[in-house]
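Student: Output the structure for:
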Amino acid sequence: MAKIPLILLLLAALLPIAFGFRYLRTREFMPYHAAAASTNWDELGLGVQTIILGMLRIVGGGLISYGIALLWLLLPLGRGEPWAVWAILTISLAWIGPTLYVTLMLRKFQPKANTPVVPTLACLVLVLAGVGSSLIV
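Tutor: Modelled structure (predicted):
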């Protein structure tokens, strides 16, 4: 197995892991959430803040889980096991598809909401390039 697909997919795994830790550590919603909601964190009731923080923790855990799953799948991919390519593509599209949809939906609703469209697209490009190059090699 060539190293290029593995490097591309390694980067694709690290990106959501980094975002996941950001979401786990946050103490309030992201600036783009504030823009989309047209409100500040302090204007929300304690119950709503608690719900939002809980959802952000779930999202953060999901991002980290996806990244870790992708890292584990690099092992069979590196050994040339063909099923790993399809597993990587399947879990990646299952995660990136809804993520990209929501980031675009929020930005369409509120253009000032600087949602993470670019990092999501970067992850998609890295996965597609990694999967594509692994099929060519």
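Student: going forward, measure contacts and count neighbours with C-alpha atoms only.
Tutor: Fine.
Student: so where is this structure shaky, pLDDT-wise?
Tutor: The chain contains residues with pLDDT under 70 at 1, 137.
Student: got the residue ranges for the helices in it?
Tutor: For the chain, the helices defined by DSSP state H cover 3-25, 31-37, 46-78, 82-109, 117-136.
Student: Now do the third one: distance to the chain's middle.
Tutor: The chain centroid and the centroid of helix 46-78 are separated by 8 Å under C-alpha atoms, centre = their mean, to the nearest Å.
Student: so which of the helices of the chain is the most packed in?
Tutor: helix 3-25 (a mean of 19; mean count of other C-alpha atoms under 10 Å).
Student: what packs against it?
Tutor: In this structure, helix 3-25 makes packing contacts with helix 46-78, helix 117-136, judged by 3 or more C-alpha pairs under 8 Å, 6 or more residues apart in numbering; DSSP states H and E.
Student: For the most centrally placed residue in the chain, which residues are in contact?
Tutor: The centre of the chain sits closest to Pro16, judged by C-alpha atoms, centre = their mean, with a distance of 4.2 Å. Shown in contact with Pro16 (C-alpha atoms under 8 Å, 6 or more residues apart in numbering): Leu63, Ile64, Tyr66, Gly67, Cys123.
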